[in-house]
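Student: got a sequence here, can you build the structure:
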Amino acid sequence: MPVKSKKTTKTKKAKKARKLAVRKTAKKAVAKTFPAKKTVKKQTHGRRKPAKKLSKKAAIKRVPKKPTEKTAWRISPEISQSVFQIDAWKKDDLKIEHVKVYRTGWVIVDQLPDLSGYNPDEGVNIFEEFEFDEHQLYDGSKEASVLPDELPAEERERLLALSEVELEDEGWTLESVTRFKGPLLVEQV
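Tutor: So this is what the prediction gives:
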């Protein structure tokens with residue numbers, strides 16, 4: 001077994017002592033600095049590179065400057081069975097009206113309409129008065145046809161049996177109107 005010389009053990013001990021002394025002095029130096037300096041040093045170590053132009057533009061596009069708030073209004077009759085669809089077939093001086101009554105319906109408009117001149121007894125033609133995005137009619141409940149008195153009974157029955165295409169082929173033209181009657185309910189949606 002080889003014997004170690006005293007010289008090598010002394011040098012090892014001396015090296016360890018020097019390392020410990022360096023560590024202790026480094027700890028003392030850090031302890032003597034003020035806390036504000038420590039935080040500044042920590043912040044400087046964690047700096048990032050500035051963002052590229054493309055990523056800056058993308059970040060700007062993602063966040064809108066002004067939130068866009070779109071309002072819409074839903075208009076419907078308050079009373080049930082107040083929606084009328086009137087199909088008027090005309091040929092020369094003759095007129096056939098086919099009326100269909102719906103339980104309810106609604107239209108959605110972008111701007112609040114001016115209903116100051118609205119007459120509930122007369123109603124409003126929704127296709128003429130409103131510029132709407134959506135509309136819906138629910139549950140057709142009653143249907144009736146009004147024919148001219150001048151026509152004989154046989155001709156009336158024949159005309160009622162004809163389809164829309166057949167009426168057009170015979171020279172009849174169609175004018176269709178959808179009306180809301182009675183008090184209207186206007187709600188923001």
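Student: how is the protein carved up into domains?
Tutor: With domains defined by automatic domain parsing, the chain comprises 7-62, 73-188.
Student: next, format those as TSV and append mean pLDDT and mean neighbour count.
Tutor: From N, CA and C alone the C-beta is placed, and that goes for glycine too. Output for those, formatted as TSV (pLDDT from 0 to 100; neighbours: other Cβ atoms under 10 Å):
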stretch	mean pLDDT	mean neighbour count
domain 7-62	63	9
domain 73-188	91	14
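Student: all strands for this structure, in order.
Tutor: 73-77, 83-91, 94-109, 124-125, 132-146, 173-180, 184-188 (DSSP state E).
Student: of those strands, which approaches Lys16 most closely?
Tutor: strand 184-188 (81.6 Å; Cβ to Cβ).
Student: helices or strands up against that closest one?
Tutor: Packing partners of strand 184-188 (3 or more Cβ pairs under 8 Å, 6 or more residues apart in numbering; DSSP states H and E): strand 73-77.
Student: what does the strand it packs on contact?
Tutor: 83, 104-113, 130, 180-189 (Cβ atoms under 8 Å, 6 or more residues apart in numbering).
Student: ok, Asp169 to Leu160 distance?
Tutor: The gap separating Asp169 from Leu160 is 16 Å, by Cβ to Cβ, to the nearest Å.
Student: again but with Thr11, I slipped
Tutor: 123 Å.
Student: so which of the strands of the chain comes closest to Arg23?
Tutor: Across these, Arg23 has its closest neighbour in strand 184-188 (72.5 Å, Cβ to Cβ).
Student: okay, now the sheet partners of that closest one, with direction.
Tutor: If you go by DSSP bridges, strand 184-188 pairs up with strand 73-77 (antiparallel).
Student: now Glu143: closest residue in space that isn't a chain neighbour?
Tutor: Distance criterion Cβ to Cβ, 6 or more residues apart in numbering; nearest residue to Glu143, sequence neighbours excluded, is Lys100 at 5.0 Å.
Student: and that neighbour, what does it touch?
Tutor: Going by Cβ under 8 Å, 6+ apart, Lys100 touches 84-85, 87, 140, 142-143.
Student: if we go to 10 Å?
Tutor: Residues in contact with Lys100, defined by Cβ atoms under 10 Å, 6 or more residues apart in numbering, are 83-87, 137, 140-145, 178.
Student: could you check how far it is from Ser80?
Tutor: 15 Å.
Student: one more: Gly140?
Tutor: Distance, Gly140 to Ser80, by Cβ to Cβ: 13 Å.
Student: what do those two both touch?
Tutor: Going by Cβ under 10 Å, 6+ apart, residues that sit against Gly140 and also against Ser80 are 101-103.
Student: distance to Asp149 added to these, as a markdown table?
Tutor: Conversion of these to a markdown table gives the following (distance: Cβ to Cβ, whole Å):
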| residue | distance to Asp149 |
| --- | --- |
| Val101 | 23 |
| Tyr102 | 28 |
| Arg103 | 31 |
